[in-house]
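Undergrad: Fold the following.
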Amino acid sequence: MKRYPAIGVCGLDCGLCPRYYTVGPSRCPGCAGPDFSNKHPSCSFITCCVKKKNLEVCGECPDFPCPKFKSEEECRQVKESSSYPPYRKVMPNLHSIKEHGIERFVQQQRRRIKLLERMIKDFDDGRSKSHYCKAAALLDPAGLESSLAAAVRRIKADHIKPNDAKTKAKILRGLLDELASKEGMNT
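TA: Residues are numbered from 1 along each chain as shown. Have a look, this model is predicted:
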């Protein structure tokens with residue numbers, strides 16, 4: 001039904017969610033991904049946007065933002081979920097899609113996903129995936145790239161063993177926290 005099943009109709013990018021990277025039956029396939037409807041109750045956003053209007057995301061709808069959405073202020077105040085924390089990106093993502101198109105948004109998100117996948121592959125200690133997902137969703141991609149490069153340099157300079165996942169994760173998490181602080185965000 002959707003060309004980009006990992007891009008939620010509501011503006012969230014499932015490709016930046018820890019549940020998307022879970023191995024096993026609790027893995028979320030992304031909004032409208034394979035077997036999504038069997039794993040999640042019916043979503044009124046999908047029903048309206050995809051099934052009724054044949055759109056990819058709500059940001060493509062001429063009626064966006066409709067009454068289904070909370071105000072921008074309400075979105076900023078939503079308590080963050082442990083499975084997908086950056087709800088504050090919903091409205092900015094949808095406005096970006098409305099203004100620049102879905103293709104440009106997808107390109108930007110692919111860059112973020114590549115960075116996230118590198119963080120998970122090279123720096124995950126089994127406890128940092130949610131932190132990396134949140135950082136990839138919220139922080140500037142150029143800053144993420146710089147943080148990854150700095151982590152690699154520090155690991156090399158400090159002679160950290162390749163299999164010392166705990167120390168590697170601690171280094172990257174510290175750099176990401178510094179970046180978040182500079183950008184005025186919490187990760």
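
Undergrad: longest helix of this structure?
TA: helix 102-123 (DSSP state H).

Undergrad: contact partners of that helix?
TA: Identification of contacts with helix 102-123 by C-beta atoms under 8 Å, 6 or more residues apart in numbering yields 4, 7, 13, 15-16, 21, 56-57, 59-60, 93, 96-97, 128-129, 132-133, 135-137, 141, 144-145, 148, 151, 165, 168-169, 171-172. To be clear about C-beta, it is placed using only N, CA and C from the backbone, and glycine gets the same treatment.

Undergrad: Drop anything exposed from the residues you listed.
TA: Among those, those that count as buried by neighbour count (16 or more other C-beta atoms under 10 Å) are 4, 7, 13, 15-16, 21, 56-57, 59-60, 93, 96-97, 128-129, 132-133, 135-137, 144, 148, 151, 165, 168-169, 171-172.

Undergrad: Does anything pack onto the helix or strand where V152 lies? Which helices or strands?
TA: Assigned by DSSP states H and E, V152 belongs to helix 141-157. For helix 141-157, the packing partners by 3 or more C-beta pairs under 8 Å, 6 or more residues apart in numbering; DSSP states H and E come out as helix 102-123, helix 165-182.

Undergrad: Can you pull the poorly scored residue ranges out of the chain?
TA: 1, 39-42, 70-86, 186-187 (pLDDT under 70).

Undergrad: The residue lying farthest from the centre of the chain in helix, strand or coil?
TA: Using C-alpha atoms, centre = their mean, the residue of the chain lying farthest from its centre is H159. It sits 31.6 Å away. At H159 the chain is in coil, as set by DSSP: H, G, I helix; E, B strand; the rest coil.

Undergrad: got it, and P62?
TA: P62 - assigned by three-state DSSP - is coil.

Undergrad: what's the neighbour count on it?
TA: 8 (other C-beta atoms under 10 Å).

Undergrad: show me the contacts for it.
TA: Applying C-beta under 8 Å, 6+ apart, no residues contact P62.

Undergrad: Not including adjacent chain positions, what is the nearest residue to H131?
TA: R173 (5.9 Å; C-beta to C-beta, 6 or more residues apart in numbering).

Undergrad: ok, so what distance separates the one you found from D164?
TA: 14 Å (C-beta to C-beta, to the nearest Å).
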